[in-house]
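Chemist: this one's structure only:
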């Protein structure tokens, strides 16, 4: 049983597990979201309920993935370096270019963003993200 499947199997909310599995698929969450620690059973249940309540207004999956990401970032004020690595890796596989850029921009904005992450972004990205990473590196260099 995959990590996401196991996570959904242990749930105890009123959302049917088949429906929850369908929503996880529709919202394009991957195992990586679980492996990094961005999602858990309560988070999946909460975002699934929000999706059910709002999908007629806002059906775009990227908005729900971004919500999960933002909540994680807001709840974890001192993010370990490994999370920066994992989240940056996660952006490589996200289907939505706008979401990828927004998440990377948010990582750069974090005060505790490691220098090696900023360098990695500066060396692998172009345009605004590259410039933003380079500008932040300039402020950190003596």
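Modeler: Arrived safely, thanks for sending. These numbers were taken from a predicted model, which means no experiment stands behind them. Numbering: from 1, shown residues only.
Chemist: and stretch 103-116, how far from the chain's centre?
Modeler: Mean-position distance between stretch 103-116 and its chain equals 13 Å (Cα atoms, centre = their mean, to the nearest Å).
Chemist: Which parts of that stretch count as buried, going by neighbours?
Modeler: Buried residues in stretch 103-116, counted by 16 or more other Cβ atoms under 10 Å: 103, 104, 107, 108, 110, 113, 114. Placement of C-beta: from N, CA and C, glycine included.
Chemist: now what about it, what contacts it?
Modeler: 66, 69-70, 73, 78-79, 81, 84, 87-88, 90-91, 94, 117-118, 121, 125, 128-129, 132-133, 136-137, 140 (Cβ atoms under 8 Å, 6 or more residues apart in numbering).
Chemist: Can you turn the buried subset of these into a selection I can paste into ChimeraX?
Modeler: Applying 16+ other Cβ under 10 Å to the contacts of stretch 103-116, the buried members can be selected in ChimeraX as follows:
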select :66,69,73,79,84,87,88,90,91,94,117,118,121,125,129,132,133,136
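Chemist: How about the contacts made by the spatially closest residue to residue 130 that is not a sequence neighbour?
Modeler: Sequence neighbours aside, residue 122 is the residue nearest to residue 130 in space, at 5.5 Å (criterion: Cβ to Cβ, 6 or more residues apart in numbering). The neighbours of residue 122, taking Cβ under 8 Å, 6+ apart as the test, are 130, 133, 134, 137.
Chemist: just checking, the last one touches residue 120?
Modeler: In other words, residue 137. No: between residue 137 and residue 120 there is no contact under Cβ atoms under 8 Å: 11.0 Å.
Chemist: Next secondary structure after the helix or strand bottoming out on mean pLDDT in the chain?
Modeler: Least confident element among the helices and strands of the chain, by mean pLDDT, DSSP states H and E: helix 3-9 (a mean of 54). Using DSSP states H and E, the helix or strand that follows helix 3-9 in sequence is helix 17-26.
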